[in-house]
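Participant: Following is a predicted model, sequence given first.
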Amino acid sequence: MNEPPDLIDKAARALARFALIGAVLLAAAGAFAYVGGWLSPSRLTQDRMIAAFRSAGGEHPGFRRNHAKGLCVTGWFEGNGNAVGLSKAAVFATGRSPVVGRFALAGGMPSQRDAPATVRSMALRILPPGGEEWRTGMNNIPVFAVNTAQGFYELLVASTPDPASGKPNPAAMKEFLARHPETVRAMALIRARPISSGFADSTYNSLDAFRFVNAAGVSVPVRWAAVPLQQFAPETEAQHTDPDKNYLFDDLIARIQRQPLQWRLVVTIGQPGDPTDDATLPWPDERRHIDAGSVSIDRVSSEDQGACTDVNYDPLVLPPGIEPSDDPLLSARSAVYARSFTLRAGEKQSKPPSAVTTSEVQAGGTR
Amino acid sequence: MSLHQARFPAVSRWLHWLMAVMVLTMLFLGVGMAASVSECYRFLVAIHRPLGVAVLVLAAIRLVNRLINPPPALPDGLPPWQRVAAKASHVLLYALMFLMPLLGWGMLSAAPYPVVIYGSLRLPAILPQDPTLYAWLRQLHTDFAYLFFAVFLVHFGAALMHGLIRRDGVFQSMASWGGRFTPKSS
C-alpha cells in the first residue's frame, strides 16, 4: 500500500507508453480496414456489385456476371489510315490486326431466351502487330441507361425479381426512376431504337467516351460504333415466336458460316461541351464521323471452346493513343469486369456447358 | 543490459524508409483497388503497377545492400524468442517484398492482361495464359497482402516496443537521423 510515489509514477508512464503503442497499431489497422471497405457496409464495392448481379440473375458458376450468354468469334480489323491523324494507336494504320470477339446478350442469365429487346453486345480484342492491345465492349443501344456505378447498382437492385412473384417489383422501379431523371430520358432513347433482325445487322456503340491522342499529343474526345455493312432488316413477328431459344445466336452462326460479316468502325469526334462523363447523353448527330477501318468476322465457335471465353473485355485495356475519358463508368466497368473475371476463372472447372454448344455451332446454327 | 552500439548505415536507413513508404502505399492502394468501383479505380491501378515494379527492383538492391552492410547485432539482453521473432519477421518481410510484385506480374501474365507500366512501356508476360492459374495467383496476391500487413503491424509494434519500452537503441539504430549517434545503454 505504501509504494513510493516515483514507482507508481514510473508504472503509470510505462502503461501510458503501452497504451500509445496499442493506439498507433489500432489506428494503422483501422485505416487499412477503412480503405478496404470493411468499416462502411453501405459503400458500393466490387463485392456488392457482384452480389447484386447474383440476386438479379442467379448463381451461375464459371459464367460472366453480366452478358453471360454469348458466342465466340474471330476475324480481323483492317485499319484504313483515316484515324492516324487523331490517334497514334498502331491499330489505325493501314493493315490487318487479328480479332478475338464475342457476341452476347445483356444480363447475368447464361441460358436466357433470346429476345428482341434484350441488349446485344459485341466485344472485341484487337491485337495489332507490335504488341499493342485494344479491348472494347459495345452495345446495340444509343446511350447507356445510367451514368454512375451507384446508378447502375440501384437499377440492378430495382430490376431484381421478387422471390415471391418472380417478377421485379414495379414500385421499386418507379421509385428508382423518380430519383434518376437521366435514366428516364435514356430509357426513352433506348426504347425508341430500331431493333434489327439479329446480331449481324445491329449497330454497337461504345457508349462511354474515350480520348484519342495523336503523335503530336493532341487529345480529342471520341465515341465509337461498329456499324454493320449487312443490310438492316427489322425484327419480325416470326422471330419473336421462334421456338428456338437461341434464335439470335443461331442466325449469327448461320450467317458467319455463309460469308464473313463486316462492320465499319465509325469514330465520332466530340466538340468542346459534348458530355464525356455522362453515358446517358447522346452527342449531336452533326458531329464529325471518321470511318477508321472495318471489322470482319469469319469464324464462330461455342464459348465452350472459343478463344473469347478466357478474355476479360476490360474497357480500360487500351493502346497508347486511346485513353480513358472522365466517364466514371469506365473505372466501374473495369473494376467489376475484373472481379467477375477473377471469380469465373476460379470456377472454370465447375462451369456447366454454355447455352450455345459446340455441336450447335457445328450444325450451322440449327438445334 | 549491454550497450547497443551500432546504427544501420545511411544507405540501409534510406532504403528501409523509402520502401516502408512504398510498401504501405502499395498495401493501401491494393486493398482500396480491390474494393473500389469509383472513378479513382483506374488511377489506383495506374499507380499500383509501376510502384510494384519499383518495389521489386528496390527489394533486389536492398538484399544486395544487406549482404554488403549486415544489420547491427541485436542487444545481448534480448530474450531468445524475441530474437527468433525478429529474424523470422525480417525473413518474411523480405520474402514478401519479392513475392508480392512477382505474384502481381505473374497473375497479370496468366490472365492475360497487358502489364502496362506507363504509356507504351510494358513488361513481357512471365507466365502463359491460364485462367485457373490466374485465379490461384490472384487469391495468393490478396492473401499475402493481408499477411504482409499483419507482419508490418508486428514489425511496427516491435519497433515501438524497442523505442518506447525497452529503450535499447534498436529503434534508434534505424530511426535516428542526426550526424552523431549516441548509443543508448540501459
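Facilitator: It's in.

Participant: Only C-alpha atoms from now on, for both contacts and neighbour counts.
Facilitator: OK.

Participant: thinking A:V300 is in contact with A:V99, fair?
Facilitator: No. Here A:V300 does not reach A:V99: they are 11.9 Å apart, not a contact under C-alpha atoms under 8 Å.

Participant: So what does A:P324 have for phi and psi?
Facilitator: phi -70, psi 150 (degrees, to the nearest 10).

Participant: oh sorry, the question was meant for B:A125
Facilitator: phi -70, psi 140.

Participant: how about it, what does it touch?
Facilitator: Going by C-alpha atoms under 8 Å, 6 or more residues apart in numbering or on different chains, B:A125 touches B:105-106, B:108-110, B:114-115.

Participant: sorry, back to before: list residues touching both of A:V300 and A:V99?
Facilitator: A:T74.

Participant: A:G30: which element?
Facilitator: Secondary structure from DSSP states H and E places A:G30 in helix A:5-35.

Participant: Kindly report the same for B:A85.
Facilitator: Per DSSP H and E: helix B:80-110 holds B:A85.

Participant: name the helices or strands packed onto that helix?
Facilitator: helix B:41-68, strand B:115-118, helix B:131-160 (3 or more C-alpha pairs under 8 Å, 6 or more residues apart in numbering or on different chains; DSSP states H and E).

Participant: if we go to 6 Å?
Facilitator: helix B:41-68, helix B:131-160 (3 or more C-alpha pairs under 6 Å, 6 or more residues apart in numbering or on different chains; DSSP states H and E).

Participant: for it, which positions count as buried?
Facilitator: Under the neighbour-count criterion of 16 or more other C-alpha atoms under 10 Å in any protein chain shown, helix B:80-110 has B:86, B:89, B:92-93, B:96-110 buried.

Participant: what does stretch B:66-73 give?
Facilitator: For stretch B:66-73, by 16+ other C-alpha under 10 Å, it's B:P71.

Participant: Let me see the residues that make contact with that stretch.
Facilitator: With contacts defined as C-alpha atoms under 6 Å, 6 or more residues apart in numbering or on different chains, stretch B:66-73 is touched by B:A6.

Participant: So what are the sheet partners of the host helix or strand of A:V100 and their directions?
Facilitator: Assessed by DSSP H and E, A:V100 sits inside strand A:95-105. Applying DSSP bridges to the sheet, strand A:95-105 is found paired with strand A:69-79 (antiparallel), strand A:120-126 (antiparallel).

Participant: Identify each buried residue in it, please.
Facilitator: Buried residues in strand A:95-105, counted by 16+ other C-alpha under 10 Å: A:95-105.

Participant: can you tell me the distance between the two ends of stretch A:156-170?
Facilitator: 13 Å (C-alpha to C-alpha, to the nearest Å).

Participant: residues in contact with that stretch?
Facilitator: A:56, A:172-173.

Participant: Of those residues - the most surrounded one?
Facilitator: Tallying neighbours with other C-alpha atoms under 10 Å in any protein chain shown puts A:A56 at the head of the contacts of stretch A:156-170, with 20 neighbours.

Participant: check contacts around that one.
Facilitator: Counting by C-alpha under 6 Å, 6+ apart, A:A56 touches A:T160.

Participant: how about low-confidence regions in chain B?
Facilitator: B:1-5, B:179-186 (pLDDT under 70).

Participant: Point out the residues in it that sit beside chain A.
Facilitator: Contacts of chain B with chain A, taken as C-alpha under 6 Å from any C-alpha of the partner chain, map to B:31-32, B:35-39, B:41-42, B:119-120, B:131-132, B:135.
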